[in-house]
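Colleague: Model the following, please.
(chains A and B)
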Protein chains: 2
Amino acid sequence: MTTNFPDIVLIGAGNLATQLGIALQKKGFNLIQVYSRTHESASALGHQLNTAYTHMISEIRPDASVYIFAIKDDALPGLLKEMPPLRGLCAHTAGSIPMDVLAGYAPRRGVLYPLQTFSKNKNVDFDHIPIFIEANNEGDENLLYQLAETLSDQVSVLSSEKRKYLHLAAVFACNFSNHMYALASDILKEQQLDWKFLLPLIFETAAKIETMNPDQAQTGPAVRYDQNVIDNHLKLLAGDADKQELYRLISHSIHKKCTFED
Amino acid sequence: MTTNFPDIVLIGAGNLATQLGIALQKKGFNLIQVYSRTHESASALGHQLNTAYTHMISEIRPDASVYIFAIKDDALPGLLKEMPPLRGLCAHTAGSIPMDVLAGYAPRRGVLYPLQTFSKNKNVDFDHIPIFIEANNEGDENLLYQLAETLSDQVSVLSSEKRKYLHLAAVFACNFSNHMYALASDILKEQQLDWKFLLPLIFETAAKIETMNPDQAQTGPAVRYDQNVIDNHLKLLAGDADKQELYRLISHSIHKKCTFED
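Modeller: Sure thing, here's the model as predicted:
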């Protein structure tokens, strides 16, 4: 594999594209071009990765072995319509989008979905990120598998049908838990308390489920539905109907789950 | 301070009592007795900490300098009613309970609230846990401050009134985010996928807010209210009305927050 790395064109210059570009280059892949919708974003990532870049769809290199589409889910169909026919393997990176969104545009198509949250300015180590791949033929499945395996030690083949659930679970585990941090930090800010007091608690909450599953790790007043504490919390939230309703609903959901599994 | 450590009786043998007992001993405090409601739990922690223990309220040592009550919030009032009058400083550890629950029982009273989630079998490092203290007189405030400062480098004096909000925020940041992990892992388990695929994502979600605040860290379909993805997710949850309602409510809450702060 190391002697025969495929040439790659990276489509996108956002959080995932940036981190993926860095990781691919670190592992020795030949990133021959970066495309992004605007000159600014294309040149920024092109310079960062020290590789060619363009914001003109017509200038996308037609001769790459692999095209990785790392753009926003809702931007993918629009871009595909404008792309010239590509002979290389086209792989998108979106958890929620079936592989066959590429049908009609790419005879060789696949998916490379890293289950992680990415920021432009916070480098992540790909080594242990679960990557889920899929392709419409065995040769390309092997090609994507090898590519993914060079990035990470956790590669699985997974259908579009199953991947949808993975993406849904990621929304709960990442986006929704981050929103809980955001609501918690609002509560402290409103009391002129430093939200960073919460950091050790948040880190330990995450760390706990390395040694026990989330059901075993569940604590708090909702577990036994401690009416007294819950009523007092609802009173503290009286000025904020949205937070109050969330508090009520999540507490019920916790209690239901704990009662079931006792 | 190191020459004059107060004698401490620890009331409770649960997660917090266990971790607090370990930490106090590690820092050189003289833990003269452990009390817990049952012989089993009292002796288990007594043996673990190699100290005297009892499950008889009448046998609680009357001569300690400090009594730390680390028991369930709803068990505290009942226990207090049965306790003999204590001359030492009585401090409870509950975020949601005002200091004055101790009035009428303890002339010298206070609170020592560590903002953290504790498990019996997972030792935590107290060194950087924020500890919030309160006392009903200046001498005891100093005593508790020194005690807490020996355990952690993050000690603050905080009123009962403010502490309530801290506890409420902790419910969101810890209990509710853990519930998001639990729902996510259910979704994977139902698809016969290993829930541990989520661990790197969960760790990174928590780690992110060390370098940016939770509002900056927020990602996912709800940020721009991507109707297409959200509708698809709601369809996947069609068999589970509770999860569906939570998904809808949290997505609206995220979107509202992001729109406000854009």
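Colleague: relative to its centroid, which residue of chain A is most remote?
Modeller: A:Asn228 (39.0 Å; CA atoms, centre = their mean).
Colleague: measure that one to B:His167 for me?
Modeller: Using CB to CB, to the nearest Å, we find A:Asn228 at a distance of 13 Å from B:His167. For glycine as for every other residue, the C-beta is placed from the backbone atoms N, C-alpha and C.
Colleague: neighbours around A:Asp242, how many?
Modeller: Using other CB atoms under 10 Å in any protein chain shown, A:Asp242 has 14 other residues around it.
Colleague: Can I take it that it is in a helix?
Modeller: Yes. According to DSSP: H, G, I helix; E, B strand; the rest coil, A:Asp242 belongs to a helix.
Colleague: related to what we said a few turns ago, need the residues that contact the host helix or strand of the residue farthest from the centre of chain A.
Modeller: Per DSSP states H and E, A:Asn228 falls inside helix A:227-236. Contacts to helix A:227-236, defined as CB atoms under 8 Å, 6 or more residues apart in numbering or on different chains, come from residues A:221-222, A:244, A:247-248, A:251, B:73-74, B:96, B:164-165, B:167-168, B:171.
Colleague: From these, which land in helices?
Modeller: Residues of those located in helices (DSSP state H): A:Gln244, A:Tyr247, A:Arg248, A:Ser251, B:Lys164, B:Tyr165, B:His167, B:Leu168.
Colleague: For those, which entry has the maximal number of neighbours?
Modeller: B:Leu168 (27 neighbours).
Colleague: Quick check: the residue of the stretch 1-150 of chain A nearest chain B.
Modeller: Chain B sits closest to A:Pro130 of the stretch 1-150 of chain A, with a gap of 4.6 Å, by CB to the nearest CB.
Colleague: Could I have the CA atoms of stretch A:250-262 written out in PDB?
Modeller: Output in PDB follows, covering the C-alpha atoms of stretch A:250-262 (Å, rounded to 0.1, in the frame of the first residue of the first chain):
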ATOM      1  CA  ILE A 250     -35.200  14.800  29.900                       C
ATOM      2  CA  SER A 251     -35.800  14.000  33.600                       C
ATOM      3  CA  HIS A 252     -38.800  11.900  32.700                       C
ATOM      4  CA  SER A 253     -36.800  10.100  30.000                       C
ATOM      5  CA  ILE A 254     -34.000   9.400  32.500                       C
ATOM      6  CA  HIS A 255     -36.400   8.100  35.100                       C
ATOM      7  CA  LYS A 256     -38.200   5.900  32.700                       C
ATOM      8  CA  LYS A 257     -35.000   4.300  31.500                       C
ATOM      9  CA  CYS A 258     -33.700   3.700  35.000                       C
ATOM     10  CA  THR A 259     -37.000   2.200  36.100                       C
ATOM     11  CA  PHE A 260     -37.100  -0.100  33.200                       C
ATOM     12  CA  GLU A 261     -33.600  -1.300  33.700                       C
ATOM     13  CA  ASP A 262     -33.500  -1.600  37.500                       C
END
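Colleague: just to revisit the earlier point, will you turn the ones in helices among the contacts of helix A:227-236 into TSV that also has pLDDT and distance to A:Ile209?
Modeller: Listed next are the ones in helices among the contacts of helix A:227-236 as TSV, based on pLDDT from 0 to 100; distance: CB to CB, whole Å:
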residue	pLDDT	distance to A:Ile209
A:Gln244	97	28
A:Tyr247	98	22
A:Arg248	97	25
A:Ser251	98	20
B:Lys164	97	27
B:Tyr165	98	26
B:His167	97	22
B:Leu168	98	23
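Colleague: Please spell out the segments of chain A that come in under the pLDDT threshold.
Modeller: Residue ranges of chain A with pLDDT under 70: A:1-4, A:260-262.
Colleague: Which stretches in it count as strands?
Modeller: A:7-11, A:30-35, A:53-54, A:66-69, A:89-92, A:109-114, A:131-135, A:155-157 (DSSP state E).
Colleague: Comparing the ones you listed, which comes out most buried?
Modeller: Of the strands of chain A, the one with the most neighbours on average (mean count of other CB atoms under 10 Å in any protein chain shown) is strand A:89-92, at a mean of 27.
Colleague: how about the nearest residue to A:Ile71, chain neighbours excluded?
Modeller: Once flanking residues are discounted, A:Ile71 sits nearest to A:Gly12: 4.0 Å by CB to CB, 6 or more residues apart in numbering or on different chains.
Colleague: doesn't A:Ala70 make contact with that neighbour?
Modeller: Yes. Here A:Gly12 reaches A:Ala70: they are 3.9 Å apart, a contact under CB atoms under 8 Å.
Colleague: Measure how buried A:Lys26 is and give me the count.
Modeller: 13.
Colleague: Run through the residues that contact it.
Modeller: Contacts of A:Lys26 by CB under 8 Å, 6+ apart: none found.
Colleague: what do you get for the one 10 residues further on?
Modeller: Residues counted as contacts of A:Ser36 (CB under 8 Å, 6+ apart) are A:Ile11, A:Gly12, A:Ala13, A:Ala17, A:Ala42, A:Leu45, A:Tyr53, A:His55.
Colleague: do the same with A:Ala23
Modeller: Counting by CB under 8 Å, 6+ apart, the residues that A:Ala23 touches are A:Phe126, A:Leu151.
Colleague: I figured A:Leu102 hits A:Arg108, correct?
Modeller: No. Because the distance of 9.0 Å does not satisfy CB under 8 Å, A:Leu102 is recorded as not touching A:Arg108.
Colleague: hey, what's in contact with both of the two?
Modeller: Counting by CB under 8 Å, 6+ apart, the residues touching both A:Leu102 and A:Arg108 are A:Cys90.
Colleague: quick one: which of the two has more around it?
Modeller: Between A:Leu102 and A:Arg108, counted using other CB under 10 Å, A:Leu102 has the larger neighbour count: 25 against 20.
Colleague: Now for the nearest residue to that one once chain neighbours are set aside: which residues touch it?
Modeller: Nearest residue to A:Leu102 in three dimensions, chain neighbours excluded: A:Arg109, at 3.8 Å (CB to CB, 6+ apart). By CB under 8 Å, 6+ apart, A:Arg109 lies in contact with A:Leu89, A:Cys90, A:Ala91, A:Met99, A:Asp100, A:Leu102, A:Ala103, A:Ala135, A:Asn136, A:Asp140.
Colleague: Check the gap between the third one and A:Tyr165 for me.
Modeller: Yep, that's A:Ala91 we're talking about. 20 Å.
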